[in-house]
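Novice: I need the structure of the sequence given here:
(one chain, ligands or ions: 2)
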Amino acid sequence: MSNQNKETLGFQTEVKQLLDLMIHSLYSNKEIFLRELISNASDAADKLRFEALHNKEFAKQDPNLAIKISFDKDANTIQIADNGIGMSRNDAIKHLGTIAKSGTSDFLKRLTGDQKKDSQLIGKFGVGFYSSFIVADKVTVETLKAGETEAVKWESDGSGEFTIETISKPSRGTTITLHLKPEANEFADDWRLRSIIRKYSDHISLPILMHKVETPISEEDEKNKEEAKAPKEIEWETVNTAKALWTRSRQNISDEEYKEFYKHISHDFSEPLSWSHNSVEGKLEYTSMLFIPSKAPFDMYNREMQKGLKLYIKRVFIMDKAEEFLPMYLRFIKGIVDSSDLPLNISREILQKDHVVSNMKSALTKRVLDMLTKMAANDKDNYAKFWAEFGQVLKEGPAEDFANKEKIAKLLRFCSTKSKGAAQDQSLEEYIAHMKADQEKIYYITAETHKAAANSPHLEVFKKKNIEVLLLSDRVDEWLISSLRDFNGKAFADIGRGELDLGKLDSEEDKQAKESSAKEKESLLKRITEVLKDQVEKVQITHRLTESPGCLVINENDMGIQMRRIMEASGQSMPETKPIFEINPNHPLITRLDKEPDEDRFAELCHIIFDQSNLAAGGKLDDPGSYVKRLNKLIVEMAD
Ligand code: ADP
Ligand code: MG
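Specialist: Residues are numbered from 1 along each chain as shown. Ligands and ions are numbered 1, 2, ... in the order given. Model prediction:
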């Protein structure tokens, strides 16, 4: 053959790493290689069918799409052949030598070297074609792309390089030959292959064919057969059900089938947490199968994350990643939708404007939210798992989807002063149920970390009065609360911002005490303001503290810390804002301050208390050096 066309190329570094990881972590689950290769063959057939909508030639030649699986016990090989779209030379180099998924190198950086942990990570990644090397020490791919004349052969032993050369191949599609490792020879077996196909790939809508086996009736028959040796035409038979899974009725589909179908369409290795399969008839006609994964993909916050549903129109595969059927905050949902209303020649551009699509989008969104609502009510454990993986993304919902704000709000879970540790385990409905008789607001505090929120001095008066406060430390929280505004008629109130108005929760005595101490300490407040005037908006007597000497409060109209960080991260320069400094007149440190006659020492003390108040709320000091110097000076004086 034309050897000048033979090239030896290296795998992308990431492929090499992934191959190593896979071979080591999947040795106990070797058989999944077949599922992956069948899944690819099925995708290739889908793509061919789609191309054939525009190119009638494709439909005419070799029209019966199927996957053929055969083996040779003596040679210890397995072949998986399809007549799908095939690959060009460039396709093969690109798809079988690199990993296109965005964020792969980040993913690989997270590997720990601990096999148990890493094998869970690989579940998040999906294994695909390279899983061939779990069982094979050499893999040969011969492929001819539809509409082209030059076929190629790709070959590799998986150790770092592959070769690619031009060959002749009579018909369109891809044939993969696995040269099995000696210890994987169990797979070159009719019964074994059939059972793996039925277990993992029954749902594939394409027929998966294997040689028909004639069970010998008697020993004599066997002998006759041997003697005859007539070159018999090979007969193939279908091993799987070969019907699009979503067209079958729910009652006849087992959980296992749903799970395997999920793995096929999602390229995910782990099982889904839940699913919903539904056919709609009437004005709109479509079938949907929606899955909630059990693990968040590693690239959930990557713009190029694989999101969207697989779109079929009247059973014909149209496109992957159709993003128009679900909102962004549900981008983790995997699944298919098969429409009877859309035209087969629909394009992505038209999808974006089509009213059928937007109607389907609201119906599918509702379906997902209902599925989650049900799970939250009936299966708390699973819902907690869901929340841990996807809660952050769902929190984007109220801002994006105003129409479903109430529904989403009920699905949210927060950490509060009543939670177990840092767990986000409280719903807003539970918060309302815990509210004091006179309580009018849902109180929350935001900080950069859970610890900073949980130990914030701002909580002191709430602890004293036993009022629950939501502890918010996720980046999106401030944004979330600002889009929620209220829940069940109760407004949200940030306890670290503006005037603290406890409404009826404050007793008359409390109020009077505050007023009188404000008057009493007027001169002290003036002295402090004089010292800190460049750093604070104003100084006032606190209603919030019982144990700490002071705290910082954000002005009612200023941006919160999280919001500021988000804006700063996006490259915007933020205007300087000054906090309000509140002091606790009953704290011994403040009493001591009040009595300090020396103005220099008074100023030093003011700065220290101010900086400490900032630190206690998880803030950062502008000038930590000076703070440390002042504090050290004080300690030395104490020792004198
Ligand atoms: P994935 O299926 O998630 O894309 P794989 O590793 O399984 O990842 O496959 C990589 C790519 O190789 C596929 O996306 C496809 O482009 C190509 N490919 C693999 N198998 C075939 C096949 N039988 N026919 C055509 N293309 C294939
Ligand atoms: Mg694949």
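
Novice: Tell me the pLDDT of Glu222.
Specialist: According to the prediction, Glu222 has pLDDT 58.

Novice: So Ile80, which state does it fall into?
Specialist: Put simply, Ile80 is strand when judged by DSSP: H, G, I helix; E, B strand; the rest coil.

Novice: And the one 4 residues further on, by the same measure?
Specialist: Reducing the assignment at Gly84 to three states with three-state DSSP gives coil.

Novice: how near is it to Lys68?
Specialist: As judged by CB to CB, to the nearest Å, Gly84 and Lys68 stand 12 Å apart. Quick note: C-beta positions are derived from backbone N, CA and C, even for glycine.

Novice: Also Pro588?
Specialist: Here Pro588 is placed at a distance of 86 Å from Lys68 (CB to CB).

Novice: and the two? which has more neighbours close in?
Specialist: Lys68 (19 against 9; other CB atoms under 10 Å).

Novice: Beta-bridge partners for that one, please?
Specialist: Following DSSP bridges, Lys68 is listed with bridge partners Ala81, Leu209.

Novice: Now do the contacts for the residue lying closest to Leu470 once chain neighbours are set aside.
Specialist: Nearest in space to Leu470, with sequence neighbours left out and distances taken as CB to CB, 6 or more residues apart in numbering, is Tyr444 at 3.8 Å. Residues near Tyr444 by CB atoms under 8 Å, 6 or more residues apart in numbering: Phe414, Val469, Leu470, Leu471, Leu472, Ile481, Phe492, Ala493, Asp494, Ile495.

Novice: residues touching the first one, list them.
Specialist: Contacts for Phe414 (CB under 8 Å, 6+ apart) come out as Gln424, Gln426, Ser427, Leu428, Tyr431, Tyr444, Leu470, Leu471, Leu472.

Novice: can you check the second one too?
Specialist: By CB under 8 Å, 6+ apart, the residues touching Val469 are Ser416, Thr417, Tyr443, Tyr444, Ile445, Leu459, Phe462, Ile495.

Novice: element containing the fourth one?
Specialist: To tie it back to what came earlier, the one meant is Tyr444. Per DSSP states H and E: Tyr444 is located in strand 441-446.

Novice: Sketch out the strands for the stretch 201-350 of the chain, chain order is fine.
Specialist: Here the stretch 201-350 of the chain has its strands, by DSSP state E, counting those that start in this stretch, at 208-211, 236-238, 272-280, 286-293, 309-313, 316-322, 334-339.

Novice: Confidence-wise, which of these is weakest overall?
Specialist: Lowest mean pLDDT within the strands of the stretch 201-350 of the chain: strand 316-322, a mean of 90.

Novice: Show me what that strand is packed up against.
Specialist: helix 32-54, strand 309-313, helix 348-353 (3 or more CB pairs under 8 Å, 6 or more residues apart in numbering; DSSP states H and E).

Novice: quick revisit: out of the strands of the stretch 201-350 of the chain, which comes closest to ligand 1?
Specialist: Among those, strand 316-322 comes nearest to ligand 1, with 9.0 Å by CB to the nearest ligand atom.

Novice: Residues in contact with the closest one: which ones?
Specialist: Strand 316-322 is contacted from outside by 46-47, 49-50, 53, 306-312, 337, 344, 346, 348, 351, using CB under 8 Å, 6+ apart.

Novice: which parts of it are buried?
Specialist: Within strand 316-322, the residues scored as buried using 16 or more other CB atoms under 10 Å are Phe317, Ile318, Met319, Asp320, Ala322.

Novice: Now distance to Met328 too, for those, in a markdown table please.
Specialist: Converted to a markdown table, these look like this (distance: CB to CB, whole Å):
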| residue | distance to Met328 |
| --- | --- |
| Phe317 | 24 |
| Ile318 | 21 |
| Met319 | 18 |
| Asp320 | 17 |
| Ala322 | 14 |
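
Novice: Identify, from the residues you listed, the entry nearest to Asp594.
Specialist: Ala322 (68.2 Å; CB to CB).

Novice: if I look at that closest one, how far off is Trp236?
Specialist: 34 Å.

Novice: so Phe581, which of the three states?
Specialist: Three-state assignment for Phe581 (three-state DSSP): strand.

Novice: dump the residue contacts of it.
Specialist: Residues counted as contacts of Phe581 (CB under 8 Å, 6+ apart) are Ile528, Leu532, Gln535, Val536, Lys538, Val539, Gln540, Gly550, Leu552, Val553, Phe610, Ser613.

Novice: Now intersect those with the helices, please.
Specialist: The helices, defined by DSSP state H, take in Ile528, Leu532, Phe610, Ser613 from those.

Novice: ok, of these, which one's closest to ligand 1?
Specialist: Checking the ones in helices among the contacts of Phe581 against ligand 1 with CB to the nearest ligand atom, the nearest one is Ser613 at 53.0 Å.

Novice: Confirm for me that the closest one is in contact with Leu552.
Specialist: Yes. Counting by CB atoms under 8 Å, Leu552 is a contact partner of Ser613 at 5.2 Å.

Novice: The stretch 351-500 of the chain: helices as residue ranges?
Specialist: Ranges of helices within the stretch 351-500 of the chain are 355-378, 380-394, 397-400, 405-411, 428-434, 450-454, 460-464, 477-484, based on DSSP state H, counting those that start in this stretch.

Novice: Fine by me, we can end here.
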